[in-house]
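In: prediction below, plus the sequence it came from.
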Amino acid sequence: MPRIAKLAFATLFLASSLPFAAQAQSSGGNIASEAAAGDTVTITGVDTGFRRELKIDKDGKYQIRRVPTGNYMVVRMHKDGSIDPAQSVTVRVGSTARVMEAE
């Protein structure tokens, strides 16, 4: 009996924790766009201070995953040191915010 009780408890515990795990995985979104190879893209959370910086590879595409929901400023610095105007994007749960190409 003790072994069955332990198995039942473990099963109950696992079943009750699954909804929280699923919710935790979907509490953010992504930011995606394109830039020139060698550019550096920095995203900063307006309200949270969340910050991530990445160097763009040769294909120019990027996606920043698991970004907390909220408003962000995206700044692109070219390899020659020039900087495009900051762009604002909003990240929503389970979606990808697209940054418009600078003209």
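Out: Nice, thanks for sending it over.
In: gap between residue 38 and residue 85?
Out: Distance of residue 38 to residue 85, computed by C-beta to C-beta, to the nearest Å: 19 Å. The way it works is simple: take the backbone N, C-alpha and C, and place the C-beta from them, glycine included.
In: correction: residue 35
Out: Per C-beta to C-beta, residue 35 is found 14 Å from residue 85.
In: so for the two, which residue has more residues nearby?
Out: A count of neighbours by other C-beta atoms under 10 Å puts residue 35 above the other of residue 35 and residue 85, at 23 against 7.
In: what residue lies at the spatial centre of this protein?
Out: residue 67 (2.5 Å; C-alpha atoms, centre = their mean).
In: hang on, it is in a helix, isn't it?
Out: No. Judged by DSSP: H, G, I helix; E, B strand; the rest coil, residue 67 forms no part of a helix; its state is strand.
In: how about it: which residues does it bridge to?
Out: Using DSSP bridges, the beta-bridge partners of residue 67 come out as residue 29.
In: where in the chain is pLDDT low?
Out: For the chain, applying pLDDT under 70 flags the ranges 1-3, 5-26, 102-103.
In: all helices for it, in order.
Out: According to DSSP state H, the chain carries its helices in the segments 2-25.
In: so what's residue 101 closest to, chain neighbours aside?
Out: Leaving aside its chain neighbours, residue 101 sits nearest to residue 34 (6.7 Å; criterion: C-beta to C-beta, 6 or more residues apart in numbering).
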